[in-house]
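My questions are about this predicted structure, shown below with the sequence.
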Amino acid sequence: MELVKTIAELRGAVDDHRRAGRSIGLVPTMGFLHRGHLSLVVASASANDITVTTIFVNPLQFAPDEDLDAYPRDPEGDAEKAAAAGSDYLFLPEPAEMYPEESLTTVTVAALSAGYEGESRPTHFAGVSTVVAKLFNIVGPCRAYFGEKDYQQLMIVRRMARDLDFRVEVIGCPTCREADGLALSSRNKYLRDPERSAAPVLHRALEAGAHAIRGGEADPAKVRNLMAQMVREEPLARLDYVDVVDSRTLEPVAVCDESNRLIGAAYFGRARLIDNMAVRR
């Protein structure tokens with residue numbers, strides 16, 4: 001695997017491969033790689049001739065009171081993991097390389113960004129969309145791999161790519177979980193032992209909601225209340241939101257059906273964790 005730190009170097013390398021007829025896969029990450037990230041690298045490496053993994057803790061997607069400086073980082077360990085998973089290039093730019101001057105241009109995907117994570121973190125998705133748009137422009141035509149754990153982000157990136165005519169196929173990959181159901185996240189590192197034991201309640205609440213819908217419950221308010229009550233019964237959890245949304249529009253549904261997505265977010269100490277689940281009858 002080759003380590004690349006400049007846009008010009010990465011762009012030149014992928015353009016050379018593309019001219020030679022090789023397909024390109026892109027895995028954008030913020031680093032501190034875990035099994036979920038690496039599953040994206042494996043998926044890309046299995047479907048493409050060349051895989052580019054990017055690690056960039058993007059300052060645009062952090063609010064002033066969020067954990068930009070404290071966000072976990074392990075560049076040397078990440079390089080070893082990415083190489084072992086099949087990455088051919090690791091793009092590890094400095095902030096000044098990605099933003100050589102104050103960025104006056106941002107990308108916003110209006111309706112899909114408004115609720116849930118967009119409401120809890122108002123500046124977040126504009127930062128995500130902007131940096132992903134830059135990466136799509138740098139790498140060029142490719143397949144780009146994102147985890148379904150960040151489902152709202154996945155839908156936003158897909159819509160952005162479609163609306164702006166990027167020659168990028170956005171591919172969603174299944175959420176990777178611990179044995180007790182906790183979705184893998186770099187922020188799981190923030191969990192103290194009691195909080196780690198409590199954290200799977202969010203996944204269990206979504207499972208309970210899905211079970212209710214599969215059992216015939218059509219009222220989303222009843223499903224929301226069921227999920228919320230389960231989280232609130234955990235003393236170490238502080239609920240942010242749970243809801244039943246249309247899997248394509250992310251709008252709250254009037255009636256539960258097989259095209260719904262259950263979503264939720266909760267705080268466990270300093271860790272804010274998110275999760276989601278498709279409902280399949």
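The structure has been received and is ready for your questions.

Now do Ile263: how many residues are near it, please.
Neighbourhood size, Ile263 [other C-beta atoms under 10 Å]: 24. For every residue, glycine as well, the C-beta is placed using N, CA and C.

hang on, isn't it packed against Asp246?
No: Ile263 lies out of contact with Asp246 (C-beta atoms under 8 Å); the separation is 11.0 Å.

quick one: average pLDDT of the helix or strand hosting Arg11?
In the assignment (DSSP states H and E), Arg11 maps to helix 7-19. Here helix 7-19 scores 98 as its mean pLDDT.

ok, now stretch 136-147?
98.

so how far is that stretch off the chain centroid?
14 Å (C-alpha atoms, centre = their mean, to the nearest Å).

If you count neighbours, what's buried in that stretch?
Neighbour counts over stretch 136-147 (16 or more other C-beta atoms under 10 Å) mark Phe136, Ile138, Val139, Cys142, Arg143, Ala144, Tyr145, Phe146, Gly147 as buried.

mind checking the end-to-end distance for it?
Using C-alpha to C-alpha, to the nearest Å, the end-to-end distance of stretch 136-147 comes to 17 Å.

Can you list the strands that the helix or strand containing Leu262 pairs with?
Per DSSP H and E, Leu262 falls inside strand 260-268. Neighbouring strands of strand 260-268 in its sheet, by DSSP bridges, are strand 238-246 (antiparallel), strand 271-278 (antiparallel).

hey, where'd the helices end up in the stretch 51-200 of the chain?
For the stretch 51-200 of the chain, the helices defined by DSSP state H, counting those that start in this stretch occupy 75-85, 95-98, 110-114, 117-120, 124-139, 151-163, 193-198.

Please work out which residues outside the third one touch it.
Put plainly, it is helix 110-114. Identification of contacts with helix 110-114 by C-beta atoms under 8 Å, 6 or more residues apart in numbering yields Phe125, Ala126, Ser129, Gln152, Met155, Ile156, Arg159, Thr249, Leu250.

From Tyr241, how far out is the fifth one?
Looking back up the chat, that one is Met155. 16 Å (C-beta to C-beta, to the nearest Å).

Between these two, point out the one with more neighbours.
Neighbours were counted for Met155 and for Tyr241 using other C-beta under 10 Å; Met155 has more, 23 against 18.
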